[in-house]
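**Q** Structure for this input, please:
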Amino acid sequence: MNTTDIFAAGLGLTAPWYVTNVELKPIKEGVEFELHISVDFEHGATFNILDDDNKVMCDANGQPLELKATDTVERTWRHLNFFQYKTGVKAYFKNAETIIDKFHVIKHANEAVDTVRKEESKAIDALKRTKIPVAKK
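**A** Below is the predicted model of the structure:
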């Protein structure tokens, strides 16, 4: 077992994820070190969409919902220490615009409704200069 396999096991990575590089970098003239772990996924990999309980979401036919990873963004974060070393993990993730969570679903739905509302208010004379009543608490 090589170094990348050991750290992949330590991080609990499974396919398509894998460790690409492990470096012990000095931060104080050879006295103090940080551990840097780089993680990536196999080219063209697909990922299941998970709900808030980390359960795979399915479509109406019971098939798992998946996203294919194409364009990615690099993210770095602080991990729990490995041994006595401060540890940072760098990974590439599918573009953040396609991450699905309740906030972003509602945000995109509101933007879509707002776009349609604006188009219809421009196109239909009866809707021009009308206000939508808002309930006060």
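**Q** buried ones in stretch 23-34?
**A** Using 16 or more other CB atoms under 10 Å as the test for burial, stretch 23-34 gives 33-34. Glycine gets a C-beta too; all of them are placed from N, C-alpha and C.
**Q** which residue ranges form the strands in the protein?
**A** Ranges of strands in the chain, per DSSP state E, are 17-28, 32-41, 46-48, 66-68, 72-82, 85-94.
**Q** of those strands, which approaches residue 115 most closely?
**A** strand 66-68 (23.8 Å; CB to CB).
**Q** Let's have the strands of the chain in a markdown table, adding distance to residue 112.
**A** Shown next, in a markdown table, are those (distance: least, CB to CB, whole Å):
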| stretch | distance to residue 112 |
| --- | --- |
| strand 17-28 | 33 |
| strand 32-41 | 30 |
| strand 46-48 | 24 |
| strand 66-68 | 20 |
| strand 72-82 | 24 |
| strand 85-94 | 22 |
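**Q** wait, which of these is closest to residue 9?
**A** Closest of the strands of the chain to residue 9 is strand 17-28, at 9.3 Å (criterion: CB to CB).
**Q** what packs against the closest one?
**A** For strand 17-28, the packing partners by 3 or more CB pairs under 8 Å, 6 or more residues apart in numbering; DSSP states H and E come out as helix 3-11, strand 32-41.
**Q** Run the chain-centre distance for that strand.
**A** In terms of CA atoms, centre = their mean, to the nearest Å, the centre of strand 17-28 is set 22 Å apart from its chain centre.
**Q** who touches that strand?
**A** Outside strand 17-28, the residues that touch it by CB atoms under 8 Å, 6 or more residues apart in numbering are 3-5, 7-8, 11, 13, 32-42, 85, 91.
**Q** ok, back up a step: could you dump the strands of the chain to TSV with mean pLDDT and distance to residue 117?
**A** As requested, the strands of the chain are arranged in TSV below (pLDDT from 0 to 100; distance: least, CB to CB, whole Å):
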stretch	mean pLDDT	distance to residue 117
strand 17-28	88	42
strand 32-41	88	40
strand 46-48	83	34
strand 66-68	80	29
strand 72-82	79	32
strand 85-94	77	31
